[in-house]
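Novice: Next one to model:
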Amino acid sequence: MHIRQIREGIDVICNVDWGRRLFDSLIPLPDGTSYNAYIVYGSEGVALIDSGDPCFREQFLKDIEPVKHVDFIVSQHAEQDHSGLLPEMVERYPKAPVLCSDKARDMLITHLGIPAERIRVVADGEEVSLGDKTMKFVYTPWVHWPETMCTYVPELKTLFSCDFFGSHLATSDLFVTDAAQVYEAAKRYFSEIMMPFSKTIVRNLAKVAALDFDLIAPGHGPAFDNPAMIVDAYHEWTGPKMKNEVVLPYISMHGSTKLMVDYLIDALAMRGVKVLPFDLAVTDIGKLAMSLVDTATIIIGTPTVHVGVHPLVHYAAYLANLLKPKVKYAAVIGSYGWGSKAVDQIVATIPNLKVDVLGAVTCKGVPTAEVYSELDSLADAVAAAHKADENVV
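Specialist: Sure thing, here's the model as predicted:
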């Protein structure tokens, strides 16, 4: 899309990736994405903040053609979807230094081949003048790489946040117009990318809270002209409160595990606990990740494959371990033909989840009345744990 103005003194180049459905060959993108670069015009200087993904090289070069002069190139994050076109920008604007954090310097040299002599490291809190406008750099490490930073322009009350507060969403809108749609896209983005770093995000939220801004311009998705919407959401997602819910990813090969899952869903519902089941044979893994953001309990259901965990269940457990949700309680259910080590294997797969294990219910073959009774007891344990936990609402 052509270069557009989002505020007096700020233009955006937004390359909308309408058809992209997978990010990093891993993350589902049901709604596409966008890559945002910003140009800030001061009375004595012009700054380019980030660039774009190499897949949009020709389009980006066409879009930036009207910008004949740039005094500073800012790299807020060295990952290629934000800095992938920096080599072209360094060539196009030969007198403009690349401003970045201390940890970004070596990444830009190693990953993108930026000449060391073109890079100028800016300190946390350092300010660079554009005349009537100022760029203040705010280090936000581990949101979601160690070198990330934001750029704050106080005169425009604008925070350029890169991946922080972003959303994978292809849209022609400059600003949020459908709050529910953007909230869901941002929550998916948070769950898949940011959630493993929740503790550091809490500290970074406190840093940006000290700034006076009324516009957030992220690296992906539309800009927030009501910043409280996304800032409040981040506080919610990183805070201690959890929902009175159970996330139940499962696979069933011959029906026995499915019988257990269906019975447990009903048993939990009868006790006032909402259940979000995910049949891993057909699940959008991104939706599973989203559900883990604020659930209180995860129960994993698996049949046995050669005495071990079904591969898709192992993947789901491995993913949950990587994402490090604030889930507090866990359990395992499943069936087997002649023997099983599935429970031990699942527990060994999720060491990052600091959970209280409420039990394991397994059965040989089709579940019996005794097994159903054990599932009732598990449902009792989940309901009681949720009721006793002041952070489960």
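Novice: Off-centre distance for the longest helix seen in the chain?
Specialist: Longest helix in the chain, counting residues (DSSP state H): helix 369-388. Per Cα atoms, centre = their mean, to the nearest Å, the displacement of helix 369-388 from the mean C-alpha position of its chain is 33 Å.
Novice: Which strands or helices does that helix pack on?
Specialist: Other helices and strands packing on helix 369-388, by 3 or more Cβ pairs under 8 Å, 6 or more residues apart in numbering; DSSP states H and E, are helix 256-270, strand 295-302, strand 329-336, strand 356-364. (Each C-beta comes from the backbone N, C-alpha and C, glycine too.)
Novice: deepest of the ones you listed, which one?
Specialist: strand 295-302 (a mean of 27; mean count of other Cβ atoms under 10 Å).
Novice: re earlier: return the set of buried residues in the longest helix of the chain.
Specialist: Neighbour-count burial for helix 369-388, counted by 16 or more other Cβ atoms under 10 Å, picks out 371-372, 374-376, 378-379, 381-383, 385-386.
Novice: If I take that helix and helix 256-270, what angle do their directions form?
Specialist: 40 degrees (axes from the mean of the first three to the mean of the last three Cα atoms, to 10 degrees).
Novice: From here on, call the first residue 17.
Specialist: New numbering, starting at 17: the last item is helix 385-404.
Novice: relative to strand 345-352, how tilted is helix 385-404?
Specialist: Using the same axes, to 10 degrees: helix 385-404 against strand 345-352 is 170 degrees.
Novice: Which residues does helix 385-404 contact?
Specialist: 260, 262, 276, 279-280, 283-284, 286-289, 312-313, 315, 344-345, 347, 349, 372, 374-375, 377, 379, 383, 408 (Cβ atoms under 8 Å, 6 or more residues apart in numbering).
Novice: Dump the buried residues of helix 385-404 into CSV; add pLDDT and distance to Ser50 as well.
Specialist: As requested, the buried residues of helix 385-404 are arranged in CSV below (pLDDT from 0 to 100; distance: Cβ to Cβ, whole Å):
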residue, pLDDT, distance to Ser50
Val387, 97, 50
Tyr388, 98, 50
Glu390, 98, 49
Leu391, 98, 45
Asp392, 98, 49
Leu394, 98, 44
Ala395, 98, 44
Ala397, 98, 45
Val398, 98, 40
Ala399, 98, 43
Ala401, 98, 41
His402, 98, 39
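Novice: Looking at those, which is nearest Ile29?
Specialist: His402 (47.4 Å; Cβ to Cβ).
Novice: State the distance from the closest residue to the closest one other than its chain neighbours to Lys203.
Specialist: Nearest residue to His402, sequence neighbours excluded (Cβ to Cβ, 6 or more residues apart in numbering): Val408, at 4.5 Å. As judged by Cβ to Cβ, to the nearest Å, Val408 and Lys203 stand 19 Å apart.
Novice: Great, nothing more from me.
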